[in-house]
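Asker: sequence isn't available, so here's the structure alone:
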């Protein structure tokens, strides 16, 4: 029998996060994080992102899966490893444990999960969005975000995300652009650069327009048509994909990922 986790099997957190298609939103979340100059500086100065950008995304996914789908012991251990790593990340004018920075990074993951799920799986009601957001506070609290920092409701959370994007607090400088190129066109031995064009189009399409422009991502009528085509085609493909390929882990299966986690900033 699977041991109890932080989130019950029927929770919306598990229902949303087990969809493999959410990987398409990974680039959006990373670019939104890197758009914050302090986050970009921390990632650039305290990680191997320039050499291994895909591995960083993989570590983030492993951490999330451990907390969402692991038993309570696995979830707490994964969060502890992240917090210990973040405690060492500090530099000129920033520290990874700053509640404001933690909230922004957390917000990019929550917002990107919802945007990607609703774009490529199916729409959610406002009640479901709020339920997902409220449950996300459990994960955020484990990673050191004080309860009083969280926006109260999902609507407040949406306002917070939009206000940060519009406030000028985000500023895509040279470091973010360089790291962003590695997100969109990572150097993969088995895949030529052009093979990543669909992922780049999806990422650009999902990004807030202001950030898309700051990153200098092209958005021609041809790219927009391709994005709209994928928005129509992918949900239909997801709907007919068998669970063994569509979701991870399969419903009813808990996971224990702590031994495989090698998390860095």
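Answerer: Nice, I can see it. Predicted model, so just to flag it, every value in this text is computed and none were measured.

Asker: residue ranges for the strands of the stretch 51-200 of the chain, please.
Answerer: Per DSSP state E, counting those that start in this stretch, the stretch 51-200 of the chain carries strands over the ranges 90-91, 94-95.

Asker: so which elements touch the last one?
Answerer: This means strand 94-95. Secondary-structure packing of strand 94-95 (3 or more C-beta pairs under 8 Å, 6 or more residues apart in numbering; DSSP states H and E): helix 37-46. No exception for glycine: its C-beta is placed from N, CA and C like everyone else's.

Asker: neighbouring contacts of the helix it packs on?
Answerer: Contacts to helix 37-46, defined as C-beta atoms under 8 Å, 6 or more residues apart in numbering, come from residues 33-34, 49-50, 56, 88-94, 96, 98, 101, 104-105, 170-171, 173, 175-176, 179, 264-265.

Asker: give me the distance from it to the chain's centre.
Answerer: 17 Å (C-alpha atoms, centre = their mean, to the nearest Å).

Asker: try stretch 16-29
Answerer: On the basis of C-alpha atoms, centre = their mean, stretch 16-29 sits 7 Å off its chain's mean C-alpha point.

Asker: pLDDT on it, on average?
Answerer: For stretch 16-29, mean pLDDT rounds to 95.

Asker: ok, and what's touching it?
Answerer: Applying C-beta under 8 Å, 6+ apart, the external contacts of stretch 16-29 come out as 57, 60-61, 64-65, 68-69, 108-109, 111-117, 120-121, 132, 183-184, 199-200, 202-203, 206-207, 234, 238, 245-249, 251.

Asker: 6 Å instead?
Answerer: For stretch 16-29, contacts defined as C-beta atoms under 6 Å, 6 or more residues apart in numbering pick out 57, 68, 108-109, 112-113, 116-117, 120-121, 183, 202-203, 206-207, 238, 247-248.

Asker: just the ones of these in helices?
Answerer: If you go by DSSP state H, the contacts of stretch 16-29 have 57, 68, 108-109, 112-113, 116-117, 120, 183, 202-203, 206, 238 in helices.

Asker: okay if I get those residues as TSV plus neighbour count?
Answerer: TSV is the format used below for the ones in helices among the contacts of stretch 16-29 (neighbours: other C-beta atoms under 10 Å):
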residue	neighbour count
57	18
68	23
108	23
109	22
112	23
113	22
116	22
117	23
120	21
183	25
202	22
203	25
206	22
238	17
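
Asker: as JSON lines, the residues you listed with pLDDT would be great.
Answerer: As requested, the ones in helices among the contacts of stretch 16-29 are exported to JSON lines (pLDDT from 0 to 100):
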{"residue": "57", "pLDDT": "74"}
{"residue": "68", "pLDDT": "92"}
{"residue": "108", "pLDDT": "97"}
{"residue": "109", "pLDDT": "95"}
{"residue": "112", "pLDDT": "97"}
{"residue": "113", "pLDDT": "97"}
{"residue": "116", "pLDDT": "98"}
{"residue": "117", "pLDDT": "98"}
{"residue": "120", "pLDDT": "98"}
{"residue": "183", "pLDDT": "90"}
{"residue": "202", "pLDDT": "96"}
{"residue": "203", "pLDDT": "96"}
{"residue": "206", "pLDDT": "98"}
{"residue": "238", "pLDDT": "96"}
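
Asker: return the member of those nearest to residue 226.
Answerer: residue 202 (9.1 Å; C-beta to C-beta).

Asker: how about stretch 177-185: buried residues?
Answerer: Residues 177, 179, 180, 182, 183, 184, 185 are the ones in stretch 177-185 that count as buried (16 or more other C-beta atoms under 10 Å).
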